[in-house]
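**Student:** quick one, what's the 3D model for this:
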Amino acid sequence: MKTITYSIRNPSGLRMIVALTANSWILSRIVLRWSERSSAIYIIFAIGMLLICVTTWIVTVYRALKKPTELRLDKGAVLLNGRTLQAEEIRVIMKMGYVWPVIGIKPYGKRIVPVPFCFRFAKDGKQGLEDLEKWAEDNGVKMTRKAFTRWL
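**Tutor:** Numbers count the residues shown, from 1 in each chain. This next block holds a predicted model:
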């Protein structure tokens, strides 16, 4: 098999961005209301939660706006975001979604898909998915259509 290269992006995280925006708005309202009549411990807790939401929101937006990187399918290995995974190290490749599917590569020993191994195709998604499925079949890696958990 010859080396095949595709342009990939991080998943958009639109649902996460919307949820974090709503959470941040609600927490900011709580801080404003509690600041007048509650103890300092509640206010500190709410401000801490607000900071966590805002930080996560910033990281998610940054990842969504990052420039595309490359996915390289070699014989027996995948090069993804500068990291090489041998076919023997991959437990399963999962596809989530239909219109703009998100691909997750779960290595052995991991409970969730690591952030660098979660992506969507920037261009030629249909052809990229077909080539990835062929690569998985040729290298004995299981590929499923299944929702999966990932960080951010």
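**Student:** the least confident helix or strand in the chain by mean pLDDT: which residues count as buried?
**Tutor:** Among the helical and strand segments of the chain, the one scoring lowest on mean pLDDT, DSSP states H and E is helix 14-37, with a mean of 80. For helix 14-37, burial by neighbour count (16 or more other CB atoms under 10 Å) applies to Met16, Leu20, Asn23, Ser24, Leu27, Ile30, Val31, Trp34. For the C-beta atoms, the positions are set from N, CA and C on the backbone; glycine is no exception.
**Student:** kindly report the same for stretch 71-78.
**Tutor:** Quick answer for stretch 71-78 (16+ other CB under 10 Å): Leu71, Leu73, Asp74, Ala77, Val78.
**Student:** tell me the gap between it and the middle of its chain.
**Tutor:** How far stretch 71-78 lies from its chain's middle: 20 Å, per CA atoms, centre = their mean, to the nearest Å.
**Student:** with stretch 36-45 instead?
**Tutor:** In terms of CA atoms, centre = their mean, the centre of stretch 36-45 is set 35 Å apart from its chain centre.
**Student:** okay, which residue is most central for this structure?
**Tutor:** Taking CA atoms, centre = their mean, the centroid of the chain lies closest to Cys118, which sits 4.7 Å from it.
**Student:** one step back: other SSEs contacting the least confident helix or strand of the chain?
**Tutor:** helix 40-65 (3 or more CB pairs under 8 Å, 6 or more residues apart in numbering; DSSP states H and E).
**Student:** which of the buried residues of helix 14-37 sits closest to Ile103?
**Tutor:** Met16 (17.4 Å; CB to CB).
**Student:** how about that closest one: what's its closest non-neighbour residue?
**Tutor:** Ranked by CB to CB, 6 or more residues apart in numbering and with sequence neighbours excluded, the top spatial neighbour of Met16 is Thr60, at 5.1 Å.
**Student:** okay then, goodbye and thanks.
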